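1. Return a 3D structure for these sequence lines:
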Amino acid sequence: MRRRFLEFIGVAAVFMAVIVLLKLAPVPVAGQASKPTATAGSAATTGPAAKTPWGEPDLQGIWTDEYMTPLQRQAQYAGKELFTDAERAALDKQRAGIELRPRQAGGTERDVAGAYGAVFMSMKPTGRRTSLVVDPPDGRIPPMTPELQKRLEAERAYRLALLQATATCKNQDPACRGGKYGPPSPRRAETPPRYSTGNINRVDNPEDRSRSERCMAALLPDFSGFRRIVQSPGSVSIFYDVGQGQGWQRNIPVDGSPHLPSQIRQRFGDSRGRWEGETLVVDVANFTPVADFMGSRENLHLVERWTRTGPNTVEYVVTIDDATTWTKSWTVKQEYAKQNEQANRIYYEPRCHEGNYGLATVLAGGRVIDKAFAEGRGPDPASIDSATGMQAPEEATDPLTR
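-> Numbering: from 1, shown residues only. A predicted model of the protein is given here:
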């Protein structure tokens, strides 16, 4: 009897819960379709852009550029700002048929070094614009200054000298273009002409390896990956999820405070923001000499503009200036789409450094090779190419970026 009474109470409780839920559920007005309820990570598809509780434009959310647009306009598209729908469809078909990073000849150093194959690569649909660069109007990055060209030529000569005893130069592979094959160069004992951010053919210390291998590939400005924006009064925080777990956190004071003193230099510069109407304007200076954006280092200066253009869109415009690198400033524009926060969860810590056994193993392997050569049991380390294995042949690259 007691058991049947308890069962009755349980059924009644469930029945009452259903009635309460039905009363709380929104009922659409007759003749109107019900609208989806906005949840965290999803934005309404209509209505004005939201404001924060303290009255500023709301830029918060996870954002990304969902299309592939070349940074600068390729020569074959000179004078053409936009692709037609037919051209985009044709490019998508062509790009889908390309095997990125194809296997090299089996058993070769290049085959082993190219272990990151096409499975690690992805292609986004072709964007409408032919370039991210919108100024100059030709969509091209301005020419480099003569001073930078000389620095880059010196760096290139140094890298080629360290490669000259390898099969890469013996076979005249593209990575050795402009170099020669010969005995090991005495320049292997030299430091690079300036702080190296790419691989050189030596594994004596971590600085001989690229920023990517050292989990330091992230840079500013960044035109890839995802960014999550979080706001509070007087501050905007952006987490950039880029590369393979090489995310980084950026904090932007929006409180009228000045830049840090010029002698304080940072990898991602010093950001200071202000609101101009609906736009967040961020001035970035004080980059460190060991940072590198397309050759620009401590003299890099950015002016960014972040504008909420709709419930699900943000426009990002950045003007890039460095009189020691380019003959004039240039401007890039991107359109970001809001992403669902549940389907695109970001783990808010860099995941590359933790467990980065590859770098330690590369250095340890170098010491084993050094010892074997000293004991007459192995090849000269200078004859082994440890710098260029991940480069893909030109025909196996995205035609939008060639």
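
2. how close does the most centrally placed residue in the chain get to Gly243?
-> Centrality entry for the chain: nearest residue to the mean C-alpha point is Ser224, 3.9 Å, by CA atoms, centre = their mean. Distance check for Ser224 against Gly243: by CB to CB, to the nearest Å, it reads 8 Å. Any C-beta I mention is one placed from the backbone N, CA and C, and that applies to glycine too.

3. next one: Asp173
-> With distances taken as CB to CB, Asp173 is found 26 Å from Gly243.

4. cool, and Val236?
-> According to CB to CB, Val236 and Gly243 sit 22 Å apart.

5. what about the stretch 101-250 of the chain, any weak spots by pLDDT?
-> Counting by pLDDT under 70, the stretch 101-250 of the chain has low-confidence residues at 101-120.

6. Just give the number of residues close to Gln94.
-> 13 (other CB atoms under 10 Å).

7. That one falls within a helix, correct?
-> Yes - the assignment for Gln94 (DSSP: H, G, I helix; E, B strand; the rest coil) places it in a helix.

8. gap between the closest residue to it other than its chain neighbours and Val281?
-> Once flanking residues are discounted, Gln94 sits nearest to Pro399: 6.4 Å by CB to CB, 6 or more residues apart in numbering. Pro399 sits at a distance of 36 Å from Val281 (criterion: CB to CB).

9. which residues touch Pro125?
-> Glu66, Tyr67, Met68, Arg88, Asp92 (CB atoms under 8 Å, 6 or more residues apart in numbering).

10. how does it look with 10 Å?
-> Glu66, Tyr67, Met68, Arg88, Ala89, Leu91, Asp92, Arg95, Ala96 (CB atoms under 10 Å, 6 or more residues apart in numbering).

11. ok, now how distant is the fourth one from Tyr240?
-> Here the criterion is CB to CB. By it, Arg88 lies 27 Å from Tyr240.

12. of these two, who's got more company?
-> When neighbours are counted by other CB under 10 Å, Arg88 and Tyr240 differ, and Tyr240 comes out ahead with 21 against 16.

13. Can you read off the backbone torsions of that one?
-> phi -100, psi 120 (degrees, to the nearest 10).

14. my guess is it meets Phe268, correct?
-> Yes - with contact defined as CB atoms under 10 Å, Tyr240 counts as touching Phe268 (9.2 Å).

15. tell me, what's touching these two both at once?
-> Ala218, Leu219, Leu220, Asp222, Trp248, Gln249, Arg250.

16. Would you verify that Glu147 is located in a helix?
-> Yes - counting by three-state DSSP, Glu147 falls inside a helix.

17. Which residues belonging to stretch 318-329 are considered buried?
-> By neighbour count on 16 or more other CB atoms under 10 Å, the buried set for stretch 318-329 is Val318, Ile320, Asp321, Asp322, Thr325, Trp326, Ser329.

18. farthest pair in those?
-> Val318 and Thr325 (15.1 Å; CB to CB).

19. Show me the helices in the protein, by range?
-> Shown for the chain, the helices assigned by DSSP state H span residues 2-24, 85-96, 109-113, 146-163, 167-170, 357-374.

20. Show the average pLDDT along the second one.
-> Pointing back at helix 85-96 there. For helix 85-96, mean pLDDT rounds to 93.

21. Show me which residues of it are buried.
-> Arg88, Leu91, Arg95.

22. now these in a markdown table, with distance to Leu300?
-> Converted to a markdown table, those look like this (distance: CB to CB, whole Å):
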| residue | distance to Leu300 |
| --- | --- |
| Arg88 | 33 |
| Leu91 | 32 |
| Arg95 | 31 |
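
23. Can you tell me which of the residues you listed is nearest Arg305?
-> Once CB to CB is applied, the member of the buried residues of helix 85-96 that ends up nearest Arg305 is Arg88, at 26.7 Å.

24. can you pull the contacts of the closest one?
-> Contacts of Arg88 by CB under 10 Å, 6+ apart are Tyr67, Leu82, Pro125, Thr126, Gly127, Arg128.

25. which of these has the most neighbours?
-> Of the contacts of Arg88, Thr126 is surrounded by the most neighbours, 24 neighbours in total, counting by other CB under 10 Å.

26. any idea where the strands of the stretch 251-400 of the chain begin and end?
-> Per DSSP state E, counting those that start in this stretch, the stretch 251-400 of the chain carries strands over the ranges 270-276, 279-285, 301-310, 313-321, 330-339.

27. For Pro137, find the nearest of the ones you listed.
-> strand 330-339 (10.3 Å).

28. Can you name every helix or strand that the closest one contacts?
-> Counting contacts by 3 or more CB pairs under 10 Å, 6 or more residues apart in numbering; DSSP states H and E, strand 330-339 is packed against strand 61-64, strand 133-135, strand 226-232, strand 301-310, strand 313-321.

29. Can you mark which positions in the second one are buried?
-> By neighbour count with 16+ other CB under 10 Å, strand 133-135 contains the buried residues Val133.

30. next one: stretch 234-254
-> In stretch 234-254, counting by 16+ other CB under 10 Å, buried: 236, 238-243, 245-248, 250, 252-254.

31. any idea how far Ile229 is from the closest residue in space to Lys51 that isn't next to it in sequence?
-> Excluding its sequence neighbours, the residue lying closest to Lys51 (CB to CB, 6+ apart) is Asp58, at 5.7 Å. Asp58 sits 9 Å away from Ile229, going by CB to CB.
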